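here's a sequence, model it:
(2 chains)
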2 protein chains.
Amino acid sequence: MSGSTGSISRIPYDDLVALLTGIFRRAGASPAVAGILAANCAGCERDGAKSHGVFRIPGYLSSIVSGWVDPAAEPALEVAGGAFLRVDAMNGFAQPALELAKPALMERAREQGVALLAIRNSHHFSALWPDVEPFADEGLLALSMVNSFACTVPFDGHAAVLGTNPIAFAAPRGEGAPLVADMATSAMANGDVQIALREGRQLPPDHGVDAHGRPTRDPAAVLDGGALLPFGGYKGSTISMMIELFGAALTGGKFSFEVDWSAYPGAQTPHTGQMLIVISPDFGRLNGSFGRRVDDFVEQLRLSGVSRLPGDRRLVTRRRTMIEGIPLPEAQLENLRRLANGG
Amino acid sequence: MSGSTGSISRIPYDDLVALLTGIFRRAGASPAVAGILAANCAGCERDGAKSHGVFRIPGYLSSIVSGWVDPAAEPALEVAGGAFLRVDAMNGFAQPALELAKPALMERAREQGVALLAIRNSHHFSALWPDVEPFADEGLLALSMVNSFACTVPFDGHAAVLGTNPIAFAAPRGEGAPLVADMATSAMANGDVQIALREGRQLPPDHGVDAHGRPTRDPAAVLDGGALLPFGGYKGSTISMMIELFGAALTGGKFSFEVDWSAYPGAQTPHTGQMLIVISPDFGRLNGSFGRRVDDFVEQLRLSGVSRLPGDRRLVTRRRTMIEGIPLPEAQLENLRRLANGG
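Predicted structure coming up:
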């Protein structure tokens, strides 16, 4: 965080992917895994999702160095019968496991109408929308849930059992980019707590508790033995419970409360499971109408005064950064270059 | 609402089902449909879910009398290929459409690992947990979403576009009754607003707006041209949007904002669509562990101090009422008997 923070460089997306690929390669990732993680992380930065952008690189690296996650893991597709696929990520990252299963998952969704992917033994350390958006780009409806690590107190409880537990969905539209939503079911995302801490900002009220379970607006108190609260009281807590069941119990991954990295100092990546459901939305219909119907719905939301739909801000940022380059402090870019070159 | 409200009778569940079956038969439902609706409604009353219990009978009847919903509709299973089933409810109630598809849905879920049911052209006027619980009783994991009618203002909007849009899931356990959750994604359910009105109670803050979009705690103002708010701000609003996409766009049903019963005075049942996903949770695993894993999770929630899990209160009430009978004011019972006998 040292150096001139005033000097901002703009780096083309492809160059950032190449730079991050170099970093992941040097950290021990295979070429395929390095490319997948780099594109994912650069894509978050490109879309302005900074809490999952290059900000996360130190967390990736310390998790790898600690021995907690295997950057060279080769995921294994275990079941390919019916409409239900299982992947053992082999203690690697979730995204390469998803990439491995993606062709079969899409094929099954088109053949059977719906297909489910259960990834276990995986680490998910990024946003969830990059996992679902590509399916919508191919005309499929996708839903994903992933649990994380115990950092959220269930409604009516006094100890952190739940993770930030995001849920994401992506729906193709008749015209324009898919409708893509991604939300943590904690009142805020862990990455945003970390950013608030770095930037010296207070949290909004009713977002976190300290180590004694008392409400706090101090991000350090939340991160240091405290916990987040679920969004929306008992209803948000119920949605978060659902995500534990689908992300962990169904996949064979760990529940958030079972993630124990105490023997791996520096570890930050939640070692749990992830579920995706992919649907062929016009299956069994002669005239495809799903995309047009999503358009109808979006139009009505706009008419009602909704100025920003889920994903709107990401798309606007993406269009700009793909032309102008992705803005990053020069000091941060220098640091990334040093990491890529082993400096 | 007249008569002695102090006199409470206890009616056995089976007797209440028979009584309600008579009412639905007299209203024009086929024997099968009448039995399904009666068991559903009596089941809600049995479990203490009074906002979907016999309180709803006048709404059922006025909807039928208005010609808005066809109580004699014969649902048609349209697609039975792959893992994706579609049912046209033929402008009838959703529950008979689900019953028609249930055997195939369960068979496909067991064969393929996952199966999806899309019901369209259907009216859902009850709680959602009765739709998912039976699957968990059979060892399956079930998820359902149903949209309703425009009564909820999306976050950042100023007109009602969304319905109360409940989501429900049911997970089998290793020991004990399944974990079953059912929640409206509006800040409260419409039925509870109606009950608050009848009982002369104010609504909690931040639950509704009046016809001018101003916050109100008056249930009459919410019901008379006003609207509900989603639970949990923009995140709850996003979940509600997802339910519109799955409940309407995917199924071929109407969006909540498209429900137009203005030509059917007395109509109260939302004419939309419903989606169910049913999963064989141990598919592809040699040793079934899902139920035990749900037990692990529930145990941890209890240890964290959560005193009431989703569905707990219903189960407690059910156990009591199945022994003691279902308590109903004698005047209300008399009224039901009169309706059943055509008085």
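
dump the residue contacts of A:F149.
Contact partners of A:F149, counting by CB atoms under 8 Å, 6 or more residues apart in numbering or on different chains, are A:G163, A:S256, A:V259, A:W261, A:P270, A:T272. Bear in mind the C-beta positions are built from the backbone N, C-alpha and C, glycine included.

is it in a helix, a strand, or coil?
coil (DSSP: H, G, I helix; E, B strand; the rest coil).

if we can go back for a sec, in the contacts of A:F149, find the pair that's most separated.
A:G163 and A:W261 (13.2 Å; CB to CB).

these two: who's more crowded?
A:G163 (30 against 17; other CB atoms under 10 Å in any protein chain shown).

what is the mean pLDDT for stretch A:194-211?
Mean per-residue pLDDT for stretch A:194-211: 91.

what are the ranges of the helices in the stretch 151-300 of chain A?
Taking DSSP state H, counting those that start in this stretch, the helices of the stretch 151-300 of chain A run over residues A:190-199, A:219-223, A:233-244, A:290-303.

ranking the ones you listed by burial, who's on top?
Of these, the one with the most neighbours on average (mean count of other CB atoms under 10 Å in any protein chain shown) is helix A:233-244, at a mean of 25.

who are the packing partners of that one?
Counting contacts by 3 or more CB pairs under 8 Å, 6 or more residues apart in numbering or on different chains; DSSP states H and E, helix A:233-244 packs against strand A:141-146, strand B:179-183, helix B:233-244, helix B:290-303.

wait, which of those is closest to B:A170?
The nearest among those, by CB to CB, is strand B:179-183 at 4.4 Å.

how about the closest one, does it reach chain A?
Yes: against chain A, strand B:179-183 shows contacts by CB under 8 Å from any CB of the partner chain at B:L179, B:A181, B:M183.

okay, that strand in CSV with CA atoms only?
The C-alpha coordinates for strand B:179-183 follow below in CSV (Å, rounded to 0.1, in the frame of the first residue of the first chain):
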residue,chain,number,x,y,z
LEU,B,179,-35.8,-29.6,7.4
VAL,B,180,-38.5,-27.6,5.6
ALA,B,181,-38.4,-23.9,5.0
ASP,B,182,-40.9,-21.6,3.2
MET,B,183,-40.6,-17.9,3.1
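
pull out the buried residues from it.
Judged by neighbour count (16 or more other CB atoms under 10 Å in any protein chain shown), strand B:179-183 contains these buried residues: B:L179, B:V180, B:A181, B:D182, B:M183.

how near is the second one to chain A?
What it means is B:V180. B:V180 sits 11 Å away from chain A, taking CB to the nearest CB, to the nearest Å as the criterion.

for that residue, name its beta-bridge partners.
B:A170 (DSSP bridges).

my guess is it meets B:L128, correct?
No: here B:V180 does not reach B:L128: they are 9.8 Å apart, not a contact under CB atoms under 8 Å.

identify the contacts common to those two.
B:A168.

still on that earlier bit, from the contacts of A:F149, which land in strands?
Among the contacts of A:F149, the ones falling in strands (DSSP state E) are A:T272.

name the nearest of the contacts of A:F149 relative to chain B.
A:S256 (9.5 Å; CB to the nearest CB).

and A:H123, what is it in contact with?
Per CB under 8 Å, 6+ apart, neighbours of A:H123: A:S63, A:V69, A:A89, A:N91, A:G92, A:F93, A:A94, A:T269, A:P270, A:H271, A:T272.

check for me that the third one belongs to a strand.
Translated: A:A89. Yes: the assignment for A:A89 (three-state DSSP) places it in a strand.

could you list the domains of chain A?
Per automatic domain parsing, the structural domains of chain A span A:1-65+A:311-343, A:74-186+A:230-309.

need these in TSV with mean pLDDT, can you?
Converted to TSV, the domains of chain A look like this (pLDDT from 0 to 100):
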stretch	mean pLDDT
domain A:1-65+A:311-343	93
domain A:74-186+A:230-309	96
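
and the ones you listed, which is most packed in?
domain A:74-186+A:230-309 (a mean of 23).

show me where the stretch 1-150 of chain A has strands.
A:8-11, A:76-79, A:84-93, A:114-123, A:141-146 (DSSP state E, counting those that start in this stretch).

make a markdown table out of those strands and add distance to B:E74.
Formatted as a markdown table, the strands of the stretch 1-150 of chain A follow (distance: least, CB to CB, whole Å):
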| stretch | distance to B:E74 |
| --- | --- |
| strand A:8-11 | 63 |
| strand A:76-79 | 38 |
| strand A:84-93 | 32 |
| strand A:114-123 | 26 |
| strand A:141-146 | 29 |
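
tell me which of these lies nearest to A:G35.
With distances scored as CB to CB, the stretch of the strands of the stretch 1-150 of chain A nearest to A:G35 is strand A:84-93 (12.0 Å).

what about the closest one, near chain B?
Yes: residues of strand A:84-93 contacting chain B under CB under 8 Å from any CB: A:F84, A:R86.

quick one: A:L245 from chain B, how far?
5 Å.

whoops, I mixed them up, A:D14
31 Å.

for that residue, what are its contacts?
Counting by CB under 8 Å, 6+ apart, A:D14 has no contacts.

most remote residue from chain A's center?
A:L286 (35.2 Å; CA atoms, centre = their mean).

tell me the spacing between it and chain B.
11 Å.

state the phi and psi torsions of that residue.
phi -70, psi -40 (degrees, to the nearest 10).

which ones are touching it?
Residues near A:L286 by CB under 8 Å, 6+ apart: none.

over to A:S237?
Contacts for A:S237 (CB under 8 Å, 6+ apart) come out as A:P154, A:F155, A:D156, A:L162, A:P230.

A:G113 too?
Contacts of A:G113 by CB under 8 Å, 6+ apart are A:A83, A:I279, A:S280, A:F283, A:G284, B:V79, B:G81, B:G82, B:A83, B:F84, B:L116.

from B:A211, how far off is it?
42 Å (CB to CB, to the nearest Å).

also A:A101?
From A:A101 to B:A211 the distance is 50 Å (CB to CB).

farthest-separated two in the contacts of A:S237?
Among the contacts of A:S237, A:D156 and A:L162 lie farthest apart (CB to CB), at 12.2 Å.
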